[in-house]
Every structure is written in structure tokens, then in C-alpha cells.
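Asker: Dropping a prediction and its sequence here:
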Amino acid sequence: MTSKPLFTILLTFCLSWASATYANAPTDLVSMVNAYKAFIQQGKTKAALSLARKAYAMAEKDLSPTDTSYQIITHDLGRLLLKANKNQQAISLLTPLLEQQEQQFGKFDKNLIPTLKTLTEASRSIKSKLYKTYSTRYQKLALRHYSDEYVKGFEKQPLKSTQQAKNLAKKLRKITGKNYQVTDAGKWDLIYNHNSDKDFAPIIEQMQLSHRSSLGFLLAFGVASKPAKEKFKAVYFNDRDDYKAYLNSFKSVERSESAERSAGMYLRPPINSLILFNRLNGSESQNAKLAKEKRTLQTLRHEIAHQLFFNFGLHAKGVRYPRWLTEGLAETMEFEDQSVISGPQTTNINLTVLTRLQKKHSSIGLSPLRRIVSMSAKTEYDRENTRDVYDMGSVVARFLYQHHPDKFLEYIVSFSKGRTVESAKRRAQFYRYLGDEEQLQTEFDAYLAELFTLL
């Protein structure tokens, strides 16, 4: 991956500021802004800088520091100071602007990106420590908001098919008595019944969107990973009977039970394969068919998230994570709009989940945050906790990513340092990394109320 696409995106974003309207600005200030922008277009930096200073003085007098026009004018002056090699003046001007934007929008908002970009450039040659600080924040924030552009940059890179996929097809033939073949599904070797009349085009399209969604989230989250060199594996069974036959072949009680109630699954290495099945039986109404097909595609994104989070390093081999964490993160990848990417880095959220949560909130109330994060390794598999594990887990994960991403990532990584399965220890571990229990609950309640406005 290279940084060129990122700078192209940021340039576009900065220009979108430059083309903004100045609704709250006095007419004479707007005229001065237009004048210095005309000088910029003509390459007359000195003249533009002189007018930008005057425009900034007027903005300080007539506008609030929270006003978009004020912030654009301030940033414009900072860019011109930088172009005139007045780097220290640019830093002195833009540092308070960055502080204001952090207070106004939060430390992870994309409105900070142009300011951080200019501060990075201004500090490059004069303050090495400051440059490192701004540069790191700038790159992390840019990836946070534009990770999908990065992913699309290498999405078409071909991956090698694997012998493991062919071996798995042979094994399935022995287990089910049916012939299986391998087809190219972009980033996957898709293994399916040779006699299937299924149109796999929608499935393959969703697999590519799932790859972009999950990998985009990992990049936005700051999880370092190398692009895959080989295709992943995925199996699509004609029906639940074949799905059950394969899972029962492991002679595992847990997998046999999962075969009865699950709609799909990711099997970790050495198998390292996604498996799901055709849920249609041919007798459904058209509405029921569409609902089942949508749910199948949501399951696909959910299970692919498990697969990619494991293979790209968010989840480590042999580590026991809280179930709300693994299932909640995977459920954030489920969508409302199947035509675009999903995940906590997007606004494409499964409204069915939100509806269930809102109904429970209105009737008996939702479980507090402390209960979700302190479920033990035993109780998290109790059937009465299923909705808390999946639905509440997904909004907790989304909340933590959006409001406390650095602490959230540190918390996830902490599980690789030791085994934590008891309720009290899990609770203590969570709040040790994420902060005060009461404050987090207050923030989470406000976040939920905001999510419910989407319904």
C-alpha cells in the first residue's frame, strides 16, 4: 500500500472546505475572502497572504471560533503562512484552531484532518517531536475516515488459489456423497455442490463488499496487517442437512449443537473456512424469500468478519476473548443497505437489531454496560444471554470504536497477555482500560439514545 491515494483524498476534502458557503459572515468579509482566493488561484501568495490576514482579523471580530467560516479562514491563513515559509507562525495560528475543533467535534472527527495536515507540514522542518505527534495523528485519522479508499486501492490484486480448497472439496464429497467443485470468488475459493442451481453472483458480490467492510474497519481501527497472499476458503451447502453432516463429522458436541441453530459459521485453522447453506426451501412467499436472502447475506458479512479479524490479527490464535466482544464486533458488520460497505466505521447499521433493542429498552430496560462486559466464560453461552451477547455486544463495540478507539484496541490486545474468564476479573479488566464505570454508562446511554433516532 502507498500513501498516494490518502493525500489525494485529503486534498479533495480540503478543497471542499474552500468551496464552502459563508452564511454567517458579513458581506465585506465574504468579499475579502473571495479576493484572497482569487490571488491564490493566480499564484500571488504575497497579495493573498496580506488579504487573508485582514480577513482573519475581521473574522476574529465578527464570528465565533466555532463558526465554520471562521475556521476555514483561519486554516486558509495557516496554509498561506506555510507557503510563505512562515512555519512557526502557521503553527501558532493553527494550534488553537485544532484545540477548538477537538473540543467542538471530538478528537476523532474528520473536521480535524485539514488542520492536522497543515500542522504536520509546518512542523516537519522545525520541531521533530511535534512533527511526529501531528504526523501520527494525521495518518491515523485519515485512515479512520478514508480506509475504504485504501482498501479499494488494492482490491483488484489477484490472490492465489489453494490446494487446501481442493482437499476440502474432496472431503465434503466423502461426507455428503455429493460432488463439490471450487470456483473463483475474488478473495475466496468458493466450494459448492456441483449440481447446485444457485446463482452465486449476489453471494460473490457480497463477499467482496464484506472484504472491503472488514478490512476497511481494521485499517480504520489501526490494526496493522499485511494483504493476504492466498485466497480464503468458503463453503456453500445446498441445504442444512449437508451443513449438519459436515459439522457432525467433527464429533464435537458444540459443533453439532451449532449445526442445529446456526445459519453459518467460521471454522478457525487448520480449516480456516467460512461455511453457510441455502436457507430457502422453495415454499416461501416472495416476502419471506427476500427476508431469508437478506438474512443469509447478513450472516455472510458476520462470518467473514470473524474470518478476516482472525486472519488479519485483531483476534489472536489461542486467546479466549469475551463472547460479547467477538460476536458484537462481527455483528457490527451486518447491514441495512446491502449495496454498500458496513461496519462501525460507517453509518450502515442493521436496523432490525436497533428495533429489538429499542423495544426492550421501552419495556423492561436494557442490561447495563457492566453486565455485558462482565459475563463469565460460562454464562456468556447461556441462552438467555444470547441477545445481550450479539445485539448489545454490537452497539457496545460500535460505541467504543467511535468514542474510545485507542483504549478499546488496548483492551482487545490485553487478552493476549493472559487468560481472563471469571466475571469479576473481566469487569475489572474492562474498566481498567476503558475508564470510569459511571461516566462510561452515561456516555453509552447518550449514544444509544442517538442511535434510536435512526428508527
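Answerer: On my side now, so go ahead.
Asker: only C-alpha atoms for contact and neighbour calcs from this point on.
Answerer: Will do.
Asker: name the helices or strands packed onto the helix or strand encompassing Pro96?
Answerer: Following DSSP states H and E, one finds Pro96 within helix 87-105. When contacts are defined as 3 or more Cα pairs under 8 Å, 6 or more residues apart in numbering; DSSP states H and E, helix 87-105 packs onto helix 68-83, helix 113-123.
Asker: In a markdown table: those, plus distance to Ile175, mean pLDDT and mean neighbour count.
Answerer: Listed next are the helices and strands packed on helix 87-105 as a markdown table, based on distance: least, Cα to Cα, whole Å; pLDDT from 0 to 100; neighbours: other Cα atoms under 10 Å:
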| stretch | distance to Ile175 | mean pLDDT | mean neighbour count |
| --- | --- | --- | --- |
| helix 68-83 | 64 | 96 | 23 |
| helix 113-123 | 55 | 95 | 23 |
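Asker: Determine which of the ones you listed approaches Leu290 most closely.
Answerer: Smallest distance to Leu290 across the helices and strands packed on helix 87-105 (Cα to Cα): 41.1 Å, for helix 113-123.
Asker: how many degrees apart are the closest one and helix 68-83 in direction?
Answerer: Relative orientation of helix 113-123 versus helix 68-83 (axes from the mean of the first three to the mean of the last three Cα atoms, to 10 degrees): 20 degrees.
Asker: Tyr134: neighbour count?
Answerer: Tyr134 is flanked by 22 other residues according to other Cα atoms under 10 Å.
Asker: Likewise for Val413?
Answerer: Other residues within reach of Val413, judged by other Cα under 10 Å, total 15.
Asker: following the host helix or strand of it, which helix or strand shows up next?
Answerer: Assigned by DSSP H and E, Val413 belongs to helix 405-414. Moving toward the C-terminus from helix 405-414, the first helix or strand encountered (DSSP H and E) is helix 423-434.
Asker: For that next one, C-alpha coordinates in PDB please.
Answerer: C-alpha atoms of helix 423-434 as PDB (Å, rounded to 0.1, in the frame of the first residue of the first chain):
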ATOM      1  CA  SER A 423     -16.900 -12.300  35.800                       C
ATOM      2  CA  ALA A 424     -15.200 -10.100  38.400                       C
ATOM      3  CA  LYS A 425     -11.800 -10.200  36.600                       C
ATOM      4  CA  ARG A 426     -13.400  -9.400  33.200                       C
ATOM      5  CA  ARG A 427     -15.300  -6.400  34.700                       C
ATOM      6  CA  ALA A 428     -12.100  -5.100  36.300                       C
ATOM      7  CA  GLN A 429     -10.100  -5.600  33.100                       C
ATOM      8  CA  PHE A 430     -12.700  -3.700  31.100                       C
ATOM      9  CA  TYR A 431     -12.800  -0.600  33.300                       C
ATOM     10  CA  ARG A 432      -9.100  -0.600  33.800                       C
ATOM     11  CA  TYR A 433      -8.600   0.100  30.100                       C
ATOM     12  CA  LEU A 434     -11.800   2.000  29.300                       C
END
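Asker: That one: how far from the chain's middle?
Answerer: Its chain's C-alpha centre and that of helix 423-434 lie 24 Å apart, by Cα atoms, centre = their mean, to the nearest Å.
Asker: Need the three-state assignment for Gly318.
Answerer: coil (DSSP: H, G, I helix; E, B strand; the rest coil).
Asker: Would you mind giving me the confidence score for it?
Answerer: pLDDT, Gly318: 89.
Asker: residues near it, how many?
Answerer: Gly318 has 8 neighbouring residues, counting by other Cα under 10 Å.
Asker: ok so, going back, among the helices and strands packed on helix 87-105, which is nearest Thr352?
Answerer: Among those, helix 113-123 sits nearest to Thr352 (Cα to Cα), with 33.4 Å.
Asker: quick one, the next helix or strand after the closest one and helix 113-123 angle?
Answerer: Per DSSP H and E, helix 113-123 leads on to helix 128-153 as the next helix or strand towards the C-terminus. Angle of helix 128-153 versus helix 113-123, following the same axes, to 10 degrees, is 130 degrees.
Asker: Buried residues in helix 128-153, which are they?
Answerer: For helix 128-153, the neighbour count (16 or more other Cα atoms under 10 Å) marks 131, 134-135, 137-151 as buried.
Asker: then the very next helix or strand once past that helix to PDB, C-alphas only?
Answerer: Downstream of helix 128-153, the next assigned helix or strand under DSSP H and E is helix 163-176. Coordinates of each C-alpha in helix 163-176 appear next as PDB, following Å, rounded to 0.1, in the frame of the first residue of the first chain:
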ATOM      1  CA  GLN A 163      -4.700 -26.800  -2.700                       C
ATOM      2  CA  GLN A 164      -6.500 -26.800   0.700                       C
ATOM      3  CA  ALA A 165      -9.700 -25.700  -1.100                       C
ATOM      4  CA  LYS A 166      -9.500 -28.700  -3.400                       C
ATOM      5  CA  ASN A 167      -8.700 -31.000  -0.500                       C
ATOM      6  CA  LEU A 168     -11.800 -29.700   1.400                       C
ATOM      7  CA  ALA A 169     -13.900 -30.300  -1.700                       C
ATOM      8  CA  LYS A 170     -12.800 -33.900  -1.700                       C
ATOM      9  CA  LYS A 171     -13.500 -34.300   2.000                       C
ATOM     10  CA  LEU A 172     -17.000 -32.900   1.500                       C
ATOM     11  CA  ARG A 173     -17.600 -35.400  -1.200                       C
ATOM     12  CA  LYS A 174     -16.800 -38.300   1.200                       C
ATOM     13  CA  ILE A 175     -19.000 -36.800   4.000                       C
ATOM     14  CA  THR A 176     -22.100 -35.900   2.000                       C
END
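Asker: packing partners for helix 163-176?
Answerer: Partner elements for helix 163-176 (3+ Cα pairs under 8 Å, 6+ apart): strand 180-185, strand 188-193, helix 240-248.
Asker: now do 10 Å
Answerer: Where contact means 3 or more Cα pairs under 10 Å, 6 or more residues apart in numbering; DSSP states H and E, helix 163-176 is packed against strand 180-185, strand 188-193, strand 232-237, helix 240-248.
Asker: Mean neighbour count, mean pLDDT and distance to Lys86 for these - can I get that in a markdown table?
Answerer: As requested, the helices and strands packed on helix 163-176 are arranged in a markdown table below (neighbours: other Cα atoms under 10 Å; pLDDT from 0 to 100; distance: least, Cα to Cα, whole Å):
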| stretch | mean neighbour count | mean pLDDT | distance to Lys86 |
| --- | --- | --- | --- |
| strand 180-185 | 18 | 95 | 53 |
| strand 188-193 | 24 | 96 | 52 |
| strand 232-237 | 24 | 97 | 52 |
| helix 240-248 | 20 | 95 | 67 |
